[in-house]
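Chemist: Using only what follows, build the 3D model:
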Amino acid sequence: MTASGPAGPISPAAPPAAPAETAGRTLDRLASERATGALHGFAGALYLADGALVHAESPAVPDLGRRLTARGRLSPEAWEEAVAEGGPGYRAGSLLVERGRLSRGELELCHLSALFDAAYFVLSPLDPAQRAPDRFLGEARHWLGPIRPVPVPLLRREVVRRRRLLERAWPRPEVDAAPVVRTSGGERAGPAPSGGRRAVLAAADGVRTPVQIARALGRSAFATLLDVRRLAAAGLVRTPCADAPAAPGPPPPAAPELSLLYRIRDALEAL
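Modeler: This is a model prediction of the structure:
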């Protein structure tokens with residue numbers, strides 16, 4: 001038997017890819033294959049049709065029904081009726097329009113807001129140790145039915161944009177999953193919060209986390225998360241670590257590259 005020579009140096013193993021990076025590559029492949037089905041994981045599911053995203057769901061965010069009913073736009077009975085009657089035929093959304101409950105434009109805008117919200121948390125879970133979505137169920141469809149598809153490259157750019165918004169607002173992700181605790185007034189002087197931030201601050205009871213507050217208010221989980229980071233930067237809610245860094249300066253102006261759809265979506269998130 002011939003003795004083998006000394007083994008060469010062993011290269012260190014590469015660190016595992018982040019969930020968003022792994023899922024992003026999977027989405028790119030499914031888009032190139034024009035796949036139809038659902039990509040499932042611990043953080044939720046992404047539904048595709050002909051390679052475009054048509055629906056997303058995550059336990060971290062209020063779904064479309066919760067948003068519409070919490071704001072009084074639909075009664076819970078009207079939503080449940082559409083799901084029960086239209087769901088089996090994958091047309092619950094269309095049924096709402098046919099029966100005059102919502103206009104087509106209103107349904108599309110509300111659905112896009114919910115889709116981007118849920119997709120963000122599927123691709124950027126609050127627990128970074130969570131495994132990326134990796135189970136693809138071919139030909140699976142969502143009971144809501146097709147409303148307005150979103151190209152995968154657009155979704156991926158939006159996820160990156162949202163991550164940067166959070167980082168610029170307050171680079172302390174510890175606040176994202178912790179109970180929101182109001183301070184006695186904050187250490188930093190500044191104008192009182194307005195709009196969505198005021199509602200978030202009023203809902204902060206020291207027990208509910210940002211996503212639980214979003215569910216209670218029936219609003220975007222991402223917008224709520226961003227409000228909490230901005231409130232933490234202003235010293236109005238507590239950051240779970242004592243040695244928090246200084247608040248960042250105002251973010252640089254965004255490049256004027258967003259479409260009308262982006263602007264309308266952002267306005268919806270601010271509600």
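Chemist: the strands in the stretch 1-150 of the chain, which residues?
Modeler: 37-41, 44-49, 52-57, 135-138 (DSSP state E, counting those that start in this stretch).
Chemist: Pipe these into CSV and attach distance to Pro146, mean neighbour count and mean pLDDT per row.
Modeler: The way it works is simple: take the backbone N, C-alpha and C, and place the C-beta from them, glycine included. What follows is the strands of the stretch 1-150 of the chain, written out as CSV (distance: least, CB to CB, whole Å; neighbours: other CB atoms under 10 Å; pLDDT from 0 to 100):
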stretch, distance to Pro146, mean neighbour count, mean pLDDT
strand 37-41, 14, 20, 96
strand 44-49, 6, 23, 97
strand 52-57, 5, 23, 97
strand 135-138, 17, 12, 95
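Chemist: Return the residues in contact with Glu85.
Modeler: Ala92, Leu95 (CB atoms under 8 Å, 6 or more residues apart in numbering).
Chemist: which parts of stretch 89-103 are buried?
Modeler: Arg91, Ala92, Gly93, Ser94, Leu95, Leu96, Val97, Arg101, Leu102 (16 or more other CB atoms under 10 Å).
Chemist: Among these, which one sits closest to Ser32?
Modeler: Ser32 lies nearest to Gly93 out of the buried residues of stretch 89-103, by CB to CB, at 27.3 Å.
Chemist: Surely that closest one is in contact with His111?
Modeler: Yes. Counting by CB atoms under 8 Å, His111 is a contact partner of Gly93 at 6.8 Å.
Chemist: Next, show the common contact partners of these two.
Modeler: Joint contacts of Gly93 and His111 (CB under 8 Å, 6+ apart) are Leu144, Ile147.
Chemist: Figure out which of the strands of the stretch 1-150 of the chain is closest to Leu144.
Modeler: Using CB to CB, the nearest of these to Leu144 is strand 52-57, at 6.0 Å.
Chemist: Pull out the CA atoms of stretch 69-85 and give them to me as PDB.
Modeler: Only the C-alpha atoms of stretch 69-85 are listed here, as PDB (Å, rounded to 0.1, in the frame of the first residue of the first chain):
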ATOM      1  CA  THR A  69     -60.800  45.500   9.300                       C
ATOM      2  CA  ALA A  70     -58.700  47.300  11.900                       C
ATOM      3  CA  ARG A  71     -59.000  50.500   9.900                       C
ATOM      4  CA  GLY A  72     -62.800  50.000   9.500                       C
ATOM      5  CA  ARG A  73     -62.500  49.700   5.800                       C
ATOM      6  CA  LEU A  74     -64.200  46.300   5.900                       C
ATOM      7  CA  SER A  75     -66.300  44.600   8.500                       C
ATOM      8  CA  PRO A  76     -64.800  41.300   9.800                       C
ATOM      9  CA  GLU A  77     -68.000  39.600   8.400                       C
ATOM     10  CA  ALA A  78     -67.400  41.000   4.900                       C
ATOM     11  CA  TRP A  79     -63.800  39.800   4.900                       C
ATOM     12  CA  GLU A  80     -64.700  36.300   6.300                       C
ATOM     13  CA  GLU A  81     -67.500  36.100   3.700                       C
ATOM     14  CA  ALA A  82     -65.000  36.800   0.800                       C
ATOM     15  CA  VAL A  83     -62.500  34.300   2.200                       C
ATOM     16  CA  ALA A  84     -65.100  31.600   2.700                       C
ATOM     17  CA  GLU A  85     -66.800  32.000  -0.700                       C
END
